[in-house]
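1. Coordinates only, no sequence provided:
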């Protein structure tokens, strides 16, 4: 990533996107945790973890914002690179924690049997962590060959997760109350679609997209994908938890 | 520890590990404290303390991160040592507080008789504090002989604690409800295994492991060991507390 190709306008636009990301994640965190009191005890953990994911993301957007700020200085209207590296790894550190938790949110809100909850959390969460760990050596590699090799390796758990979300959860979704089936399907689809952005962007440097416009597209695109996959998804989990709480209260009455 | 042997890549990797440690500890704290409402009153203190341990660790990882940042500067892609010392003592200050508390968590979640709870907390907690206090003079010593002497002294309470966890608690574990016996055994084993990392790393400088790769292994290794011993262990304590609360509610009904 050659930061010196950025214009002042692009630099500012990316800085604004990071600040937007921080504000959305922090606001989503507070909203989710305040709403915890409105779901039945069985769904509290799903909502707690939804807020935890956006809280962890808010922390990392703050770090990314500070690192972005330290990497540049502006002098008389000119953008200069300070030589202090922009730390892309904060994204990976964030994903390593949040991506397994996102899948666990979805599993918890489905309220499966204890053994199914544990086994699905371990398998899907483990595959998600593996996917991030395998992506990182490619991200920091100098050579295009290494980048591509780790992309391929990382896609193996990715495809496994997508398969599990699209096919593996189908049986369990059929057992959910009718008023949330569509929403749970929607949440699984949201994960799959928002996640597709990441492996595509990962390949940008390999096809020669490296200038200021490409950096802007990648950083702003990651921010939007993160907001959809974490904040929008988390709120969807909350809505499902609220509807199921309501449904179960009615069934008992 | 000769910091000038580090490469920029190693420096950044360690900084990322510290930031990861901070994020995990802070997230675990919030998760544990939010989940306090889901355990019976008898187990609230164990869960409160679990979150306290990760909160104290989060604070110290922030301090370690800031100290690491102050010890280096990056100029045009080159790493330079500022001469400001990296403060390793934060780890000892952290351990002095958290290691006795970790053992008390485990004792509290077992819900022994009051006199047993007090005596085991005093003996195990006291031994843990002594272990840390005896390790510190060795850590800051210039001579290899002093380092080794305090390692030996520190190993005495260490071996006592391991013995108590492996043998001394066996009788009390037998009295626990069947659905948590495996988990409590698992928690005791997790303590023993994650703790083994620390005395081994302490000996690294004595066998000549001091370069950039060794510093990276030690700092990243400590971070992983801390995460396992505090955050993973704390969540295991929460799960035990939730299962026991459930079991006791069923027994009463």
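-> Right, received. Where do you want to start? Quick caveat, the model's predicted, so the values are computed rather than measured.
2. Tell me which residues touch the residue of the stretch 51-200 of chain A found nearest chain B, please.
-> Using C-beta to the nearest C-beta, the single residue of the stretch 51-200 of chain A nearest to chain B is residue A:83, 4.0 Å away. The C-beta positions use only the backbone N, C-alpha and C, and glycine is treated the same way. The neighbourhood of residue A:83, defined by C-beta atoms under 8 Å, 6 or more residues apart in numbering or on different chains, consists of B:74-77.
3. and residue A:219, what element?
-> In this assignment (DSSP states H and E), residue A:219 forms part of helix A:212-226.
4. what's that helix packed up against?
-> helix A:8-35, helix A:178-202 (3 or more C-beta pairs under 8 Å, 6 or more residues apart in numbering or on different chains; DSSP states H and E).
5. Would you mind saying which of those helices lies nearest residue A:114?
-> Taking C-beta to C-beta, helix A:178-202 is the member of these nearest to residue A:114, at 19.2 Å.
6. other SSEs contacting that closest one?
-> On a contact count with 3+ C-beta pairs under 8 Å, 6+ apart, helix A:178-202 meets helix A:89-110, helix A:114-140, helix A:144-163, helix A:170-174, helix A:212-226, helix A:233-252.
7. Out of these, which is the most enclosed?
-> Burial of these is given as mean neighbour count (mean count of other C-beta atoms under 10 Å in any protein chain shown); helix A:89-110 ranks first at a mean of 23.
8. can you give me how far stretch A:7-19 is from the chain middle?
-> Computed by C-alpha atoms, centre = their mean, to the nearest Å, the chain-centroid distance of stretch A:7-19 equals 21 Å.
9. ok but the residue of the stretch 51-200 of chain A closest to chain B is inside a strand, no?
-> No. Counting by DSSP: H, G, I helix; E, B strand; the rest coil, residue A:83 is not found in a strand; it is coil.
10. before we move on, the earlier item: which one of the helices and strands packed on helix A:178-202 has the lowest average pLDDT?
-> Lowest mean pLDDT within the helices and strands packed on helix A:178-202: helix A:170-174, a mean of 81.
11. Save the helices and strands packed on helix A:178-202 as a markdown table, and put in distance to residue B:250 too.
-> Formatted as a markdown table, those follow (distance: least, C-beta to C-beta, whole Å):
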| stretch | distance to residue B:250 |
| --- | --- |
| helix A:89-110 | 22 |
| helix A:114-140 | 14 |
| helix A:144-163 | 36 |
| helix A:170-174 | 26 |
| helix A:212-226 | 42 |
| helix A:233-252 | 18 |
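12. Tell me which of those helices lies nearest to residue B:17.
-> Nearest to residue B:17, of all the helices and strands packed on helix A:178-202, is helix A:89-110, at 8.6 Å by C-beta to C-beta.
13. which other helices and strands contact that closest one?
-> Contacts defined by 3+ C-beta pairs under 8 Å, 6+ apart place helix A:89-110 against helix A:41-71, helix A:114-140, helix A:178-202, helix A:233-252, helix B:8-35.
14. Give me the angle between the shortest one and helix A:41-71.
-> Using axes from the mean of the first three to the mean of the last three C-alpha atoms, to 10 degrees, the interaxial angle of helix A:233-252 with respect to helix A:41-71 works out to 170 degrees.
15. Helix A:233-252 to helix A:8-35, inter-axis angle?
-> If you take the same axes, to 10 degrees, helix A:233-252 sits at 20 degrees to helix A:8-35.
16. what do you get for the longest one?
-> Relative orientation of helix A:41-71 with respect to helix A:8-35: 160 degrees, computed using the same axes, to 10 degrees.
17. pLDDT on helix A:41-71, on average?
-> pLDDT averaged over helix A:41-71 gives 95.
18. list the buried ones in that helix?
-> Buried residues in helix A:41-71, counted by 16 or more other C-beta atoms under 10 Å in any protein chain shown: A:43-65, A:67-68, A:71.
19. That one: what's the following helix or strand?
-> Using DSSP H and E, the helix or strand that directly follows helix A:41-71 along the chain is strand A:72-75.
20. So residue A:80: helix, strand or coil?
-> strand.
21. Tell me the bridge partners for it.
-> Judged by DSSP bridges, the bridge partners of residue A:80 are residue A:73.
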